[in-house]
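J.: Sequence and predicted model, in that order:
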Amino acid sequence: MGSRRPSQELKAFTSTYEEAAAAAAAKDKDALAKALETATGLHAMLSADELEQPEVARMWTEIEGLRATLSELAAEVTDPAATVNGTGYETLQEAIGAANAGDTVIIAKDLALTEGITVAKAITLDLGGKKLTASGGSAVTVTGDSATVRGGTIEVSAGSDTYAVTVGASGSLSTESVTVIGHGASGVLVNGGSYVNFRSRASLSASVIGTVEMFTRAKQIVASPNTPGMLALVAAGVFYYVFNYVVAFAMEKWEQALRYYR
């Protein structure tokens with residue numbers, strides 16, 4: 001039998017490897033970071049047989065080595081956009097490209113992105129209370145498994161029906177205490193992947209406390225012989241929402257003071 005033809009993913013992986021090698025030779029940090037992240041996502045999509053091919057293994061080993069090259073190129077950055085393990089990077093995409101699975105990429109300042117970033121590995125993007133703003137396209141596209149974003153704002157400021165975050169078919173994203181704002185569209189587009197939005201501890205605590213208080217007040221109102229049943233429900237509902245908002249606001253300020261999400 002003849003050899004199996006390479007898949008589209010393998011062809012794309014090979015092409016991206018060549019782009020990464022060329023970018024490293026040219027010391028183009030942005031192009032290298034983008035190629036490394038794209039190659040990581042494509043590598044995860046290769047079949048078991050393709051992963052066992054010696055040439056694929058060789059390219060992947062060299063791609064892993066190019067992460068160190070990217071770190072070296074970023075070593076002299078004085079005003080970093082983001083840091084990974086204490087090393088600063090001039091752009092957020094460079095930081096993501098240099099990060100390994102399990103690392104945390106920390107945003108150093110508010111960023112206005114001229115091009116959306118791609119996340120293709122299991123890393124944490126810590127916004128640190130900062131804001132990512134993009135125009136004309138998604139600020140963040142997740143193509144890899146188990147990415148996490150926490151503590152800040154992601155917004156698209158222009159564009160028609162543009163989502164702030166896109167989760168691809170192979171992507172998996174969870175967010176915590178993140179405000180996501182699209183432009184003419186909802187904040188997050190889940191295009192075949194998975195997305196979980198964890199509310200902050202303040203919101204969860206407020207909901208629990210508010211629910212308990214709602215039923216307590218409802219019981220007190222119902223116990224009154226002069227109160228109609230429907231009025232009890234309305235009063236309890238209004239009290240719940242007001243109480244929930246006040247508690248959530250107070251606890252959020254308290255958490256910010258303690259720098260809980262940083």
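T.: On my side now, so go ahead.
J.: The helix or strand in which Arg150 is found pairs with which strands?
T.: The secondary structure element spanning Arg150 is strand 147-158 (assigned by DSSP states H and E). Here the strand partners of strand 147-158, with direction, are listed using DSSP bridges: strand 124-126 (parallel), strand 131-135 (parallel), strand 172-181 (parallel).
J.: Quick one: mean pLDDT for that strand?
T.: Summarised as a single mean, pLDDT over strand 147-158 is 85.
J.: Stretch 61-80 now?
T.: 84.
J.: what does stretch 98-118 give?
T.: Throughout stretch 98-118, pLDDT has a mean value of 90.
J.: for stretch 133-142, which positions count as buried?
T.: Thr133, Ala134, Ser135, Gly137, Ser138, Ala139, Val140, Thr141, Val142 (16 or more other CB atoms under 10 Å). Heads up, the C-betas are built off the backbone N, CA and C, glycines and all.
J.: Now do the contacts for the nearest residue to the fourth one once chain neighbours are set aside.
T.: For Gly137, ignoring the flanking residues on the chain, the nearest one in space by CB to CB, 6 or more residues apart in numbering is Gly116 at 5.0 Å. Taking CB atoms under 8 Å, 6 or more residues apart in numbering, we find Gly116 in contact with Ala134, Gly137, Ser138, Ala139, Val140, Thr141.
J.: Excluding sequence neighbours, find me the nearest residue to Ala134.
T.: Once chain neighbours are set aside, the closest to Ala134 by CB to CB, 6+ apart is Leu113, at 4.3 Å.
J.: That neighbour contacts Ala139, doesn't it?
T.: Yes: the pair formed by Leu113 and Ala139 meets the contact definition of CB atoms under 8 Å, at 5.7 Å.
J.: and Ser15, how many neighbours?
T.: When neighbours are counted by other CB atoms under 10 Å, Ser15 registers 14.
J.: For the closest residue to Thr40 other than its chain neighbours, grab the count of nearby residues.
T.: In space, not counting the residues next to it along the chain, Thr40 is nearest to Ala120; the distance is 4.4 Å by CB to CB, 6+ apart. As a burial measure, Ala120 scores 26 neighbours (other CB under 10 Å).
J.: With Ser177 as the reference, measure out to Ala120.
T.: Between Ala120 and Ser177 the distance, using CB to CB, to the nearest Å, works out to 23 Å.
J.: before we move on, what about Gly151?
T.: Gly151 is 5 Å from Ser177, where distance means CB to CB.
J.: what are the ranges of the helices in the protein?
T.: 8-26, 29-44, 48-51, 54-73, 92-98, 201-223, 229-257 (DSSP state H).
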